[in-house]
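>>> please work out how this folds:
(chains A and B)
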Amino acid sequence: MDGLLLEANQYRLLRDGAWVTLQILGLAFVLGVVLSLVVGVGRLSERRWVRGIALVYVEFFRGISSIVLLFIVAIAIPILLGVSQASILMLGSLALGANMGGYGAEIVRGSIQAIPKGQSEASIALNLSNTQRLRYVVLPQALRIILPPFGNLTIEILKGTALVSLVGLADITQAGNFIRQQQLFGDAGTDRTILFLNILVIYFVLAQIINGLFRLAEWRLEKRFSGGEHLTPLDLPEATK
Amino acid sequence: MTTAFDANQVQPPKPWYRRGDVLTVLIAFALGYAFLLFGVDESTRFRTRLNPDPDLTFDWMYFWHMVPLMWRGLLATVKATVYGFTIAIFLGLVFALLRRSKLRPVSWPTAFVIEFIRSTPILVQLYFLHALIRTWDWYSPATITILAIGLGIHYATYCSEAYRAGINSVDKGQWEASTALNLGPVSKWTKVILPQAIPNVLPALGNYLVAAMKDAPLGIAVNATGILFFANAIRGGDFRAVEPYMLMGVGFLIASLPAAWLVRRLERKITYERT
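Have a look, this model is predicted:
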């Protein structure tokens, strides 16, 4: 068992890398969720040009590979536009988040379409505005359908964060490369296979944590939808207080 | 449209080898395969013949003259994808069958391996595979083969999930009927279950093929040539980053959008024939 572990200072490097990975994951996730909602709703807009823009967005970001996008956003565009390349962390998260938005938008669109039409008709009958209909009626119900595929998508983004090591960010994978180089120049350390196996296990654990968080969110949501105990008229004054 | 049943008008379904639409696809596949096998230049030398204008941030002449180089990189990427996915299709079926096994010592480790490979990045898997293969004395494959093996193993886990869903979608009566007809396990699977499960799985497999192509540029992790290798080589040689990376993006979209469109057409066709 001892042969499968790394040294303490190497784990320290990997821990610092994990922190960078989590930062990118967080930023990309927030951006991805916002973009998925906006574009997903835009795909179903009544206005033709909004639908058109949303469709082009989805086709572009689903068609292009995240690694190609990352190189374009993090390296080519800053040079082309003369922007400083200082915050490559932001640029990397931007690329990953935009990519996630493309996939998420299709999930959001599918789930909104899966909501029975009667719900929209009822909200029109109740004279709710478009925004109210979306905010209070459609999206809360769509959320139940959205959550499980979004969990998978988030794990895909976690896997995608490994790519930022190729544009020079010090995430877990890059920490692994760094340790490998140290070993090349220093005395023979741990085997490279063991090193990358350890990194794979770290990613696996992170993915399982994300999975667990989404399961928890699904469970809480189901509980909210199934409602509490049935109220009798006697309980009403107590419950509405 | 007559309401009466007329036996002369009902045509028996043609076997697959006499259907024009199926044959065209198969022949196109075979030709494409042969081309990828023999017609792809796998050399890792990417040299430009033109010096970019240093005053321009985007030199169009330089951009256009790199197109043949980009095409070479793209073909290598497609080759690795196709070979990798060939591995994935078969290995995925093996994974799916092992996962269904009634023996828990077989099915549980398989489930764990599938989950492990699915939730870890393919980039790190490629580093791992590269390090592992280089420790072996008896086998030293070309870098593009390592990339294909890595892609194959990664996407086999995705394919196995698709197969599992397809096998589960076969009606329960079909299983019972094959038991009632006393079919052995081999003829049950090859004659009854799989022919019904595979068509349902095809669209999902097609989507994974497109996804595999998006991961194939990662071959640079094992020094395999490809479209990203091309762009990085130009950047290293000429110190120009904008044009090669933009060209890479354009080339990639040219390859992946039609592929995605074909998959969608296949999906529609299959749902149409099934219902």
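
>>> shaky segments in the stretch 151-275 of chain B?
B:273-275 (pLDDT under 70).

>>> what about A:Leu216, how many residues close to it?
A:Leu216 has 10 neighbours, counted by other Cβ atoms under 10 Å in any protein chain shown. From N, CA and C alone the C-beta is placed, and that goes for glycine too.

>>> what helix or strand is it on?
Using DSSP states H and E, A:Leu216 falls within helix A:192-226.

>>> could you pull out the buried residues of that helix?
Within helix A:192-226, the residues that qualify as buried by neighbour count (16 or more other Cβ atoms under 10 Å in any protein chain shown) are A:192-193, A:195-200, A:202-204, A:206-207, A:210-211, A:214.

>>> and B:Gly236, how many neighbours?
Applying other Cβ under 10 Å, I find that B:Gly236 has 10 neighbouring residues.

>>> so who does it touch?
Shown in contact with B:Gly236 (Cβ atoms under 8 Å, 6 or more residues apart in numbering or on different chains): no residues.

>>> quick check, distance from the helix holding A:Leu216 to the centre of its chain.
13 Å (Cα atoms, centre = their mean, to the nearest Å).

>>> elements contacting it?
Judged by 3 or more Cβ pairs under 8 Å, 6 or more residues apart in numbering or on different chains; DSSP states H and E, the packing partners of helix A:192-226 are helix A:8-42, helix A:139-161, helix A:172-185, helix B:122-134.

>>> what about A:Ser45, how many residues nearby?
14.

>>> residue contacts, residue 148?
I'll assume chain A. With Cβ under 8 Å, 6+ apart, A:Pro148 has these contacts: A:Phe214, A:Glu218.

>>> to clarify, I was referring to chain B.
Each residue near B:Ala148 by Cβ under 8 Å, 6+ apart is listed here: B:Ala80, B:Tyr83, B:Gly84, B:Ile87.

>>> could those residues go into TSV alongside pLDDT?
As requested, those are exported to TSV (pLDDT from 0 to 100):
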residue	pLDDT
B:Ala80	91
B:Tyr83	91
B:Gly84	94
B:Ile87	94
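
>>> show me what counts as buried in the host helix or strand of B:Phe116.
Using DSSP H and E, B:Phe116 sits in helix B:104-118. Buried residues in helix B:104-118, counting neighbours by 16+ other Cβ under 10 Å, are found at B:Thr110, B:Val113, B:Ile114, B:Phe116, B:Ile117, B:Arg118.

>>> read off the pLDDT value for the residue lying closest to the first one once chain neighbours are set aside.
Nearest-residue entry for B:Thr110: B:Leu98, 4.3 Å, with adjacent residues in sequence omitted and distances by Cβ to Cβ, 6 or more residues apart in numbering or on different chains. pLDDT for B:Leu98: 92.

>>> next, the buried residues of stretch B:181-197.
Within stretch B:181-197, judged by 16+ other Cβ under 10 Å, the buried ones are B:Leu183, B:Lys188, B:Trp189, B:Val192, B:Ile193, B:Leu194, B:Ala197.

>>> again but with stretch A:16-26, I slipped
Applying 16+ other Cβ under 10 Å to stretch A:16-26 flags A:Gly17, A:Ala18, A:Val20, A:Thr21, A:Gln23, A:Ile24, A:Leu25 as buried.

>>> closest to chain B among those?
Distance to chain B, by Cβ to the nearest Cβ, is smallest for A:Thr21 among these, at 10.0 Å.

>>> now do the same contact list for that closest one.
Contacts of A:Thr21 (Cβ under 8 Å, 6+ apart): A:Leu158, A:Thr161, A:Ala162, A:Asp171, A:Ile172, A:Leu206.

>>> number of residues surrounding B:Gly150?
Neighbour number of B:Gly150 under other Cβ under 10 Å is 29.

>>> next structured bit after the helix or strand where it lies?
If you go by DSSP H and E, B:Gly150 is part of helix B:143-168. As assigned by DSSP H and E, the chain's next helix or strand after helix B:143-168 is helix B:172-180.

>>> so what touches that next one?
B:Ser187, B:Lys188, B:Val192, B:Ile193, B:Gln196.

>>> residues in contact with the residue lying closest to the last one once chain neighbours are set aside?
For B:Gln196, ignoring the flanking residues on the chain, the nearest one in space by Cβ to Cβ, 6+ apart is B:Val170 at 5.0 Å. Under the criterion of Cβ under 8 Å, 6+ apart, the neighbours of B:Val170 are B:Ile193, B:Gln196, B:Ala197.

>>> give me that answer again for 10 Å
B:Val192, B:Ile193, B:Leu194, B:Pro195, B:Gln196, B:Ala197, B:Asn200 (Cβ atoms under 10 Å, 6 or more residues apart in numbering or on different chains).

>>> and what of B:Thr225?
Contacts of B:Thr225 by Cβ under 10 Å, 6+ apart are B:40-46, B:72-73, B:75-77, B:79-80, B:142-144, B:147, B:219, B:233.

>>> neighbours around the closest residue to A:Asn198 other than its chain neighbours, how many?
Leaving out its chain neighbours, the residue that sits closest to A:Asn198 by Cβ to Cβ, 6+ apart is A:Leu6, at 5.6 Å. A:Leu6 is flanked by 19 other residues according to other Cβ under 10 Å.

>>> hang on, A:Leu6 packs against A:Arg192?
No. With contact defined as Cβ atoms under 10 Å, A:Leu6 does not count as touching A:Arg192 (11.3 Å).

>>> just to check, A:Gly42 is in contact with A:Ile112?
No. Taking Cβ under 10 Å as the definition, A:Gly42 is not a contact partner of A:Ile112, at 11.2 Å.

>>> name all residues that make contact with residue 115.
Since you didn't name a chain, this refers to chain A. A:Ile115 neighbours (Cβ under 10 Å, 6+ apart): A:Val137, A:Val138, A:Leu139, A:Pro140, A:Gln141, A:Ala142, A:Arg144, A:Ile145.

>>> try chain B instead
Here B:Glu115 is in contact with A:Phe204, A:Ala207, A:Gln208, A:Asn211, B:Thr157 (criterion: Cβ under 10 Å, 6+ apart).

>>> thank you kindly, that will do.
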